[in-house]
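K.L.:
Sharing a model that was predicted from the sequence below.
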Amino acid sequence: KAGVTQTPRYLIKTRGQQVTLSCSPISGHRSVSWYQQTPGQGLQFLFEYFSETQRNKGNFPGRFSGRQFSNSRSEMNVSTLELGDSALYLCASSLVGLTQETQYFGPGTRLLVL
Amino acid sequence: AQSVTQLDSQVPVFEEAPVELRCNYSSSVSVYLFWYVQYPNQGLQLLLKYLSGSTLVKGINGFEAEFNKSQTSFHLRKPSVHISDTAEYFCAVSENFGNEKLTFGTGTRLTIIP
């Protein structure tokens, strides 16, 4: 069974631009979560989607948004990029998103904002 | 609100020696506890998790962890480390009433010395 895939793996953008990252969960998984990893703040939860609905949200500004499609694939979008948005963005999937389930992480998308 | 403290940011250990990585958590409700490992340029991989029952949890790659409710700790141990254990280790907590997000500690970088 294929794991969680994220595209692209690397991105370079400039301040003010917007970016869209994609995540394909493990087949059959309906819950997709997104995390931001930076050296300063560590791993922080962005949001979780289940059945095309945002079910949980972390403490990030509205510039960070996401969506989920009917095939459970998810995208996250960051508008008006800032230097501080440079990070590794990790996507994780699980069957239905119960807290006791294992979340399977993708390799991440590394975003550099210049 | 839940939080996780990993007391050691870096732990150097000689090959074949035992290691303990410390993790303390704070939460006002019952929690689930997890340890993840991140190898260079990769996503996170689950090592083990505590949901309920036996407080000693065994995971992959010879790791184990013990849940101590009175000390609010979930320390990770391995009796004999190998060079391939060099990685960053993250302790995480989630609250077990439907809050579908992981709160991570800041990570411990384990370096194995040959």
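P.N.:
All right, it came through fine.
K.L.:
Any stretches of chain A with poor pLDDT?
P.N.:
Where chain A drops to pLDDT under 70, the residues are A:1.
K.L.:
ok, 80 please
P.N.:
For chain A, the stretches with pLDDT under 80 are A:1, A:98-100.
K.L.:
can you tell me how far the residue most central in space within chain B sits from A:Gln103?
P.N.:
Centroid check for chain B by CA atoms, centre = their mean gives B:Trp35 as the closest residue, at 3.4 Å. Separation of B:Trp35 from A:Gln103 (CB to CB, to the nearest Å): 13 Å. (C-beta placed from N, C-alpha, C; glycine too.)
K.L.:
sec struct for B:Asn61, please.
P.N.:
helix (DSSP: H, G, I helix; E, B strand; the rest coil).
K.L.:
actually A:Leu98, not the one I typed
P.N.:
Secondary structure, three-state DSSP: A:Leu98 is coil.
K.L.:
so it makes contact with B:Leu51?
P.N.:
No - counting by CB atoms under 8 Å, B:Leu51 is not a contact partner of A:Leu98; they are 10.3 Å apart.
K.L.:
The nearest residue to A:Arg63 once chain neighbours are set aside: how many residues sit nearby?
P.N.:
Nearest residue to A:Arg63, sequence neighbours excluded (CB to CB, 6 or more residues apart in numbering or on different chains): A:Ser79, at 4.9 Å. Summarising burial for A:Ser79: neighbours were counted as other CB atoms under 10 Å in any protein chain shown, giving 14.
K.L.:
what sits against A:Ser86?
P.N.:
A:Ser86 sits next to A:Thr38, A:Leu111, A:Leu112, A:Val113 when contact means CB atoms under 8 Å, 6 or more residues apart in numbering or on different chains.
K.L.:
try 7 Å this time
P.N.:
Residues in contact with A:Ser86, defined by CB atoms under 7 Å, 6 or more residues apart in numbering or on different chains, are A:Leu111, A:Leu112, A:Val113.
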